[in-house]
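Engineer: Sequence and predicted structure are below.
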Amino acid sequence: VIVNLLSNAIKFSHRDSAIIVAANGLPGKVTEICVQDHGIGIRPEDQIRLFQEYGKVVNEDTVLMNPQGVGLGLWISKKICEQLGGGIFVDSHANHGSTFSFT
């Protein structure tokens, strides 16, 4: 899961921008891992399909930055997190980057 999130952060960030990875302890011995980028971000209307099978966001930026992607990585990551009793989440704003987190 973390490899997928890091790969996406790298693909959809501008050259020389920072990617931040953090681990937070939550109640009940749960750990939340967060991957934050300062890339192109995701519009609210596109976030709805992110975790769906073949849910690739298609626009000018994504086609240029990741032409070969088909939209399975986040869906697979979601399935893995759910099978382990956790979840995966996104907080993103177009042109301001994204933070993906999972438990």
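Structural biologist: Cool, got the structure.

Engineer: In which helix or strand does the residue with the largest distance to the centre of the chain reside?
Structural biologist: When distances are taken from the C-alpha mean of the chain, G28 lies farthest, 24.4 Å away, according to CA atoms, centre = their mean. When elements are assigned from DSSP states H and E, G28 belongs to no helix and no strand.

Engineer: From here on, call the first residue 39.
Structural biologist: Understood, numbering begins at 39; the last thing we discussed is G66.

Engineer: Report the central residue of the chain.
Structural biologist: Most central in the chain (CA atoms, centre = their mean) works out to F138, at 4.5 Å.

Engineer: Tell me which residues touch it, please.
Structural biologist: Contacts for F138 were tallied using CB atoms under 8 Å, 6 or more residues apart in numbering; they are L43, N46, A47, C72, V73, I126, F127, V128. (Glycine included, C-beta is placed from N, CA and C.)

Engineer: What does the residue farthest from the centre of the chain show for phi and psi?
Structural biologist: phi 80, psi 30 (degrees, to the nearest 10).

Engineer: before we move on, what about Q121?
Structural biologist: Torsion angles, degrees, to the nearest 10, at Q121: phi -60, psi -30.

Engineer: ranges for the helices of this structure?
Structural biologist: 40-49, 82-85, 98-103, 111-121 (DSSP state H).

Engineer: that older thread, nearest to E91, of the contacts of F138?
Structural biologist: I126 (14.2 Å; CB to CB).

Engineer: how near is the closest residue to the closest one other than its chain neighbours to H52?
Structural biologist: Using CB to CB, 6 or more residues apart in numbering and skipping residues adjacent in sequence, the residue nearest I126 is F140, 4.2 Å away. Distance, F140 to H52, by CB to CB, to the nearest Å: 24 Å.
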